[in-house]
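Visitor: below: sequence and its predicted model.
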Amino acid sequence: MARTERRWNGWCLPRDPPARAHLSTEKFDQSWYSGGAEDTLILVERNGKTTLTLTVTYESREVRDGVLKSPMKAGVAAGYDMLDGVLAVGGGVMIDTPEILQTAAQSTAIIHVMVPRDQMRTVMGPGIDELMSTLRSQSIVPAGPWFTHHLRMDAAIFDFEIGVPVTEPVAAVGRVTNGILPAVTAARTIYHGSYEGLPAAWSELNAWLKAHGRTAGPLPICGHRT
């Protein structure tokens, strides 16, 4: 599913200290439910761990039920998963310590995409959906997580493949065809954070490579875990 940006506004409401509660209102500019809502966020610490409880109160039961039927639950969970990743590494270091390894050639099912740099985020969701739908229709089980393989990266254009490793050939349908990831010497790490933090993570990886006497190749391969 393509990522959609939404903006909202609201007010922070008065509270009585020392209660560790945050009260606020919310209303989306492009609202997908009627009216606004009131949020109550409570933090409780026990045995060195802090539990966050967020309660959202809507204007009616009908609005609440409509929200519960929407994809909001998955979106909120994804946001907290990203926060967990940042907190797990102290909010500073964005990547795990890289390791140098030798990969074997891997058969793949791919979609080739060439788009202006600022459109990359809009094509990822539909591309992944098309790829996975094609595999399901042919009863092919992916042999690993999906990835992007960049063929060319410059200031204006992203030329890359959206792919997934497979153990059997795929019958070409639409944009989906067969590919291969070549055997390479690679630096592998895991990035923790949001899409917006990727440029800083790349800089961190390149700095590590330089410090260890390594030179990055021109064609990065990015595996994605969900």
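Guide: Yep, it's here.

Visitor: looks like I95 contacts I190 (just checking).
Guide: Yes - counting by CB atoms under 8 Å, I95 touches I190, with 6.6 Å between them. C-beta: built from backbone N, CA, C; applies to glycine.

Visitor: of these two, which one has the most company?
Guide: Neighbour totals were compared for I95 and I190, and I95 leads with 17 against 14 (other CB atoms under 10 Å).

Visitor: which residue packs closest to that one, ignoring adjacent ones?
Guide: Distances taken as CB to CB, 6 or more residues apart in numbering put T189 closest to I95, at 4.5 Å, once the chain neighbours are dropped.

Visitor: what pLDDT does that neighbour get?
Guide: What the model reports as pLDDT for T189 is 89.

Visitor: name the residues of stretch 163-178 that are buried.
Guide: Neighbour-count burial for stretch 163-178 flags G163, V164, P165, V166, V170, V176, T177 (criterion: 16 or more other CB atoms under 10 Å).

Visitor: quick revisit: dump the residue contacts of the residue nearest to I95.
Guide: I95, D96, T97, P98, E99, L205, W208 (CB atoms under 8 Å, 6 or more residues apart in numbering).

Visitor: ranking those by neighbours, who comes first?
Guide: L205 leads the contacts of T189 on contacts (other CB under 10 Å) with 19 neighbours.
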